[in-house]
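Student: dropping a prediction and its sequence here:
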Amino acid sequence: MKRQRNRGRAMLAAFAACAVMALPGQAYAAGPPAYAFDPDAKRVQGAELNAEASVLQPGAVYRSSIEPGQKLYYRVKLDSSTDSYVSAVAVPKSDGSVAYGDGITVSIRDLNDSRCSSNRNTFGSGGTPRPIAAYAYRTIGKGTSTTCREAGTYDVLVERESEDESSPEAWDLELRFVQEPGLRSGGPTETSAPKDWPSGTPAPPEAQAQKRTGGTGYYDATSLETGEWVDAIAPGQTRFYRVPVDWGQQIYASAALSNSPGDSSEFIGSALTLSLDNPAQGHVVDTSLSYSGKSATTALKPLPPVEYRNRYDFGSQVGAMRFAGWYYLSVTLSPKVAESYGKDPIALTMTVQVKNDAGASPYEGDPGIFAVTEKDKELAQSGDSAPKAAKSATMQVVAAGALGTGAVLVLGLGGWTLLARRRAAAAAGGPGGPGGPSPGHQQPPYGGPPQQGW
C-alpha cells in the first residue's frame with residue numbers, strides 16, 4: 001500500500017508540474033515564445049544545384065534553413081493527374097531586423113526550368129520579423145502548361161530576398177508537400193472564377209466575448225469558430241489561430257488592439273499585422289493597423305466563399321480560396337511597441353465569422369486536410385489545438401486502461417473474498433468443523449492473509 005501511495009503522489013506531482021507550465025503569462029517572462037515547429041518535421045538540406053536536391057515526400061513536413069540571397073532547390077516526384085502543393089514558412093529570428101521587401105518566393109519548375117507556378121510573400125511595411133508563408137503548385141487543368149502536366153521529377157525552388165540593412169542570420173524554413181484528392185465523377189464543371197460575392201461587413205457576433213490563447217505556430221494554432229475571442233499579445237510576439245471553413249462558406253476576420261494604460265501617444269505605423277493563410281499554408285491576404293496608445297482595429301478584405309473554381313482567378317487572393325479545411329490566422333505585434341508602451345502584453349480581440357451553409361465536397365474518396373469534419377467543428381467549439389486534442393485523446397486511452405486495471409483488481413479482490421467465505425463456511429460444517437481437523441491445520445485462501453491462530 002505504501003508503494004501505491006508513493007506512486008500516486010508522483011503522478012499528482014507530475015500533473016501539477018504540467019499545470020504550472022501551462023499557466024497563462026509564463027511565456028512572457030523570457031520574451032515572446034519561439035515558433036512552434038511540427039515535432040515530426042524531418043531535417044533536410046536545401047541544395048544550390050538542382051541535381052543534388054533532396055526529394056520531398058507527399059504528406060510529410062520538413063525543416064531546413066536559408067541564408068540571405070540564397071536560392072535552394074528541393075525536389076518532388078509527380079504523376080500526370082494529381083494537383084500538388086509545396087509551401088514554405090520562413091521564420092526569422094525574433095530579435096533581428098527585416099526590411100519592407102524582404103521575403104521568400106516559392107516556385108515549382110520542370111527540369112527544363114519552365115515555371116509551373118510561383119508565389120512571393122514579404123514582411124511588408126511594418127518591417128517586423130515574423131513567420132511568413134508562401135506556396136507553389138502544379139495543377140492539372142485550365143491554364144496549366146503542357147510540360148507541367150507530365151509525370152516526372154520537378155524542382156521546388158525557395159528564394160530569399162534580404163536588403164543589406166537586414167539581419168544576416170539564416171531563416172529557419174518549415175516545408176510541406178501536400179496533394180489534392182481527385183474529383184468525383186460529375187464534379188465541378190466551372191472553368192472561371194466568380195466575378196462578385198457578398199462584400200459587406202456582417203454585424204458583430206451576438207455571443208459574449210470569450211478568452212482563447214493563440215498558439216505559436218501552424219502546428220499548435222488555437223481553434224476558433226464564429227465569435228469574439230479575447231487574448232493578449234506582447235511586442236514581438238505572433239499568435240496563431242485556425243478556423244474551419246467548409247465548401248461554400250465565407251470567412252470574415254478582424255483584430256482589435258486595446259488602449260494602453262500609460263500616458264504615451266507615440267505613433268507607430270503598422271504596429272499590428274493580421275494575416276490569413278489557406279489549408280495548404282498558401283498566403284491569402286494580410287492587413288495592418290497603426291497604434292498611438294488608443295484602441296485600434298483592422299479587418300481582412302472580404303473574400304469569396306470557398307469554391308473549387310476560385311483557382312481559375314488571376315488574382316492570388318481569390319485563387320487561394322480554392323479548398324475547404326482549416327484556414328490560419330496569425331497576428332503579430334511589432335517589437336517597436338515596447339519602446340513606447342512597455343513590454344507587457346496588450347489585450348487583443350479577435351472577431352471571426354463564418355457565413356453560409358456548408359456545401360458538398362467535390363472530391364472522390366478521402367479529402368484529407370481539404371475538408372471540415374465533425375471533429376474539426378468540435379475542436380473549434382472547444383478551442384483545442386491539434387496537439388492538445390491528440391494529448392486529450394491519449395489521456396482518455398490511458399484513463400480507460402487505468403479504469404480497466406482497477407476493475408480487474410476489484411474483481412480479483414471480490415473473488416478472493418468469496419473464496420475465503422466459502423472456505424470459512426466449509427470449515428464450520430465440514431472437515432474443519434466439530435469432529436474435523438483442528439483449525440491449526442486449516443490453510444488460508446491462496447494469496448490472502450493468514451487466518452487468526454497462524
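Tutor: Received, thanks.
Student: C-alpha only now, for contacts and for neighbours.
Tutor: Will do.
Student: got a list of what the most centrally placed residue in the chain touches?
Tutor: Residue closest to the average C-alpha location in the chain (Cα atoms, centre = their mean): residue 219, at 3.2 Å. Residues near residue 219 by Cα atoms under 8 Å, 6 or more residues apart in numbering: 36-38, 386-387.
Student: top of those by neighbour count?
Tutor: Greatest neighbour count in the contacts of residue 219, by other Cα atoms under 10 Å, goes to residue 37: 20 neighbours.
Student: contacts only, for that residue.
Tutor: For residue 37, counting by Cα under 8 Å, 6+ apart, the contacting residues are 174, 217-219.
Student: could you redo the last one with a cut-off of 10 Å?
Tutor: 61-63, 89, 91, 172-174, 216-220 (Cα atoms under 10 Å, 6 or more residues apart in numbering).
Student: including distance to residue 254, could these go into a markdown table?
Tutor: Output for these, formatted as a markdown table (distance: Cα to Cα, whole Å):
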| residue | distance to residue 254 |
| --- | --- |
| 61 | 30 |
| 62 | 31 |
| 63 | 31 |
| 89 | 23 |
| 91 | 24 |
| 172 | 28 |
| 173 | 28 |
| 174 | 26 |
| 216 | 19 |
| 217 | 19 |
| 218 | 19 |
| 219 | 22 |
| 220 | 21 |
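Student: among the residues you listed, name the ones in helices.
Tutor: Judged by DSSP state H, helices contain none of those.
Student: so of those, which ones are in strands?
Tutor: Using DSSP state E, the members of the contacts of residue 37 that fall in strands are 61-63, 89, 91, 172-174.
Student: could you identify the most distant pair in the residues you listed?
Tutor: 61 and 91 (14.9 Å; Cα to Cα).
Student: strands along the stretch 51-200 of the chain, start to end?
Tutor: 61-66, 71-78, 84-91, 103-109, 115-122, 132-138, 152-161, 171-179 (DSSP state E, counting those that start in this stretch).
Student: for residue 299, name its beta-bridge partners.
Tutor: Per DSSP bridges, the residues bridged to residue 299 are residue 254.
Student: where does the chain have its least confident helix or strand?
Tutor: Averaged element by element with mean pLDDT, DSSP states H and E, the chain has its least confident helix or strand at helix 2-21 (a mean of 42).
Student: following element in sequence after that one, please.
Tutor: strand 42-43 (DSSP states H and E).
Student: residues touching that following strand, excluding its own?
Tutor: Strand 42-43 is contacted from outside by 56, 60-65, 174-175, using Cα under 10 Å, 6+ apart.
Student: ok, and the most crowded of those?
Tutor: residue 175 (27 neighbours).
Student: which residues touch that one?
Tutor: 41-44, 56, 60-65, 74, 86-90, 133-135, 158, 281.
Student: closest one of the ones in strands among the contacts of residue 37 to residue 378?
Tutor: Nearest to residue 378 among these, with distances taken as Cα to Cα, is residue 61, at 25.3 Å.
Student: count of residues packed around residue 112?
Tutor: Counted with other Cα under 10 Å, residue 112 comes out at 9.
Student: ok, residue 331 touching residue 132?
Tutor: No. Applying Cα atoms under 10 Å as the test, residue 331 and residue 132 come out as separate, 11.1 Å apart.
Student: who touches both of those two?
Tutor: Common neighbours of residue 331 and residue 132 (Cα under 10 Å, 6+ apart) are residue 275.
Student: about what we covered before: in the contacts of strand 42-43, find the pair that's most separated.
Tutor: Maximum distance among these (Cα to Cα): 16.8 Å, for 60 and 65.
Student: mind putting the ones in strands among the contacts of residue 37 in JSON lines, pLDDT included?
Tutor: What follows is the ones in strands among the contacts of residue 37, written out as JSON lines (pLDDT from 0 to 100):
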{"residue": "61", "pLDDT": "98"}
{"residue": "62", "pLDDT": "98"}
{"residue": "63", "pLDDT": "98"}
{"residue": "89", "pLDDT": "98"}
{"residue": "91", "pLDDT": "97"}
{"residue": "172", "pLDDT": "98"}
{"residue": "173", "pLDDT": "98"}
{"residue": "174", "pLDDT": "98"}
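Student: so which of the residues you listed is the closest to residue 202?
Tutor: residue 89 (31.4 Å).
Student: residues in contact with that closest one?
Tutor: If you count contacts by Cα under 10 Å, 6+ apart, then residue 89 has 37, 63, 104, 121, 130-135, 171-176, 217-218, 281-283 around it.
Student: and it, how far from residue 351?
Tutor: 25 Å (Cα to Cα, to the nearest Å).
Student: what do you get for residue 247?
Tutor: For residue 247 relative to residue 351 (Cα to Cα), the value is 21 Å.
Student: quick one: which of those two has more around it?
Tutor: Under the criterion of other Cα under 10 Å, the comparison of residue 247 against residue 351 puts residue 247 first, with 24 against 21.
Student: what's the burial count for residue 390?
Tutor: 12.
Student: hmm, it is touching residue 375, no?
Tutor: No. Look at residue 390 against residue 375 with Cα under 10 Å: they stay out of range, at 11.7 Å.
Student: how far does stretch 276-289 stretch from start to finish?
Tutor: For stretch 276-289, the first-to-last residue distance is 15 Å (Cα to Cα).
Student: actually stretch 281-295, sorry about that
Tutor: 30 Å.
Student: what comes up buried for it?
Tutor: 281-293 (16 or more other Cα atoms under 10 Å).
Student: between the contacts of residue 219, which is nearest residue 140?
Tutor: Relative to residue 140, and with distances defined as Cα to Cα, the nearest of the contacts of residue 219 is residue 38, at 29.5 Å.
Student: that closest one contacts residue 63, doesn't it?
Tutor: Yes. Under the criterion of Cα under 10 Å, residue 38 makes contact with residue 63 at 8.8 Å.
Student: next, show the common contact partners of these two.
Tutor: Joint contacts of residue 38 and residue 63 (Cα under 10 Å, 6+ apart) are residue 174.
Student: burial measure for residue 146, as a count.
Tutor: Residues near residue 146, counting by other Cα under 10 Å: 10.
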